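Engineer: Predicted model and sequence follow; I will ask about them next.
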Amino acid sequence: MSVQEKMTAIADAIRDKTGSAGLLTLDDMVASVPEVYEAGRTAEKEVCDAQYFKTSFVGDGTKTLTVKIPFMPDSFSCVATSPLVMKKANSYNHIYADPISAARYSAVVGQVTSAGQTGFSPVSTGSLQSSISYNDGALTFCINAISIVFQQDCRYFFYAVKYPGETTKSVTERDIALLPDTPTGSYALEFNKSRIEATFSNEEWAALIATKPNWTFSLV
Amino acid sequence: MIKRQVLCADEGKVLTDGAIYGKVIYLAEGADASAFWEIPEEEYEAMMAEPEVT
């Protein structure tokens, strides 16, 4: 690689970080170093500014998870830490939930089925399938499925995150923006009707889904 | 300009095509509205009471 090619590669890397398009002299490259550093730091800072929380608890044989946490999380997960839970039918071994999401299925649970096998179920939150609430510094997550519980005496690890500036609106807009424009076959996305109606005006919702004419959207 | 067909379920009903469920369905361009039928809301709630395990 010639010196010229190396200099071009350095300039391209700087332009990629700063968004500039013009020619860069050596002096320009030196002057760009703080801007490049700040661009990388900003992306990292957004992650660092997120709030994180972790704890553990012991199952009590019920369907309800109650955890003291200093904030209502945007996302949380709960994992059984004892391999023995796999031997106990109708036990939860993994839960992932996205309370900030307006999607119909905003939680996934992994469970030991009665056959001793592991199964995964998408779960609607804020519905008959499950509910999430946050009161007096405690998160309560109850899954109404009849036969599945947090196994008695099994330890679970719980962790949660809250992202700065995220709202149900911003998450929904991003989720829809990320949909492929030309899906293969029939594609549909289901949302929680009451959450969408509380988040978007009719005009905003119409404008948002108009960006993906090849998708069917359902409010349930 | 994009025009969508919008299906709205009657009071106490939920629309479905066997895979999608909704009280309001915003159909994709070219989607067939006749593929949807109504079921009683009680039937939908009974299905939702137990998550499907895969």
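Structural biologist: Looks like it arrived, so ask away.
Engineer: How many residues are close by residue A:101?
Structural biologist: When neighbours are counted by other C-beta atoms under 10 Å in any protein chain shown, residue A:101 registers 20. For every residue, glycine as well, the C-beta is placed using N, CA and C.
Engineer: How about chain A: which residue is closest to chain B?
Structural biologist: For chain A and chain B, the shortest gap (C-beta to the nearest C-beta) falls at residue A:218, measuring 3.2 Å.
Engineer: tell me the secondary structure for residue A:119?
Structural biologist: strand (DSSP: H, G, I helix; E, B strand; the rest coil).
Engineer: from what I can see it touches residue A:110, true?
Structural biologist: Yes. Residue A:119 lies in contact with residue A:110 (C-beta atoms under 8 Å); the separation is 7.3 Å.
Engineer: Can you tell me which residues in chain A are near chain B?
Structural biologist: A:109, A:111, A:113, A:119-124, A:127-129, A:143-146, A:186-188, A:190, A:193, A:209-210, A:213-220 (C-beta under 8 Å from any C-beta of the partner chain).
Engineer: pLDDT wise, what is the nearest residue to residue B:13 once chain neighbours are set aside at?
Structural biologist: Closest residue to residue B:13 in three dimensions, ignoring its sequence neighbours and counting by C-beta to C-beta, 6 or more residues apart in numbering or on different chains: residue B:38, at 4.1 Å. At residue B:38, the model reports a pLDDT of 97.
Engineer: Go through the one helix or strand residue B:38 maps to and flag the buried ones.
Structural biologist: Element membership of residue B:38 [criterion: DSSP states H and E] is strand B:37-40. The neighbour-count check on strand B:37-40 (16 or more other C-beta atoms under 10 Å in any protein chain shown) flags nothing as buried.
Engineer: For residue 7, give me the pLDDT.
Structural biologist: By default, I'm working from chain A. Looking at residue A:7, its pLDDT is 87.
Engineer: I was thinking of chain B, sorry if that wasn't clear
Structural biologist: For residue B:7, the predicted pLDDT is 96.
Engineer: Next, work out how far apart it and chain A are.
Structural biologist: Distance of residue B:7 to chain A, computed by C-beta to the nearest C-beta, to the nearest Å: 9 Å.
Engineer: dump the residue contacts of that residue.
Structural biologist: For residue B:7, the contacting residues are B:15, B:24, B:25, B:27, B:33, B:36, by C-beta atoms under 8 Å, 6 or more residues apart in numbering or on different chains.
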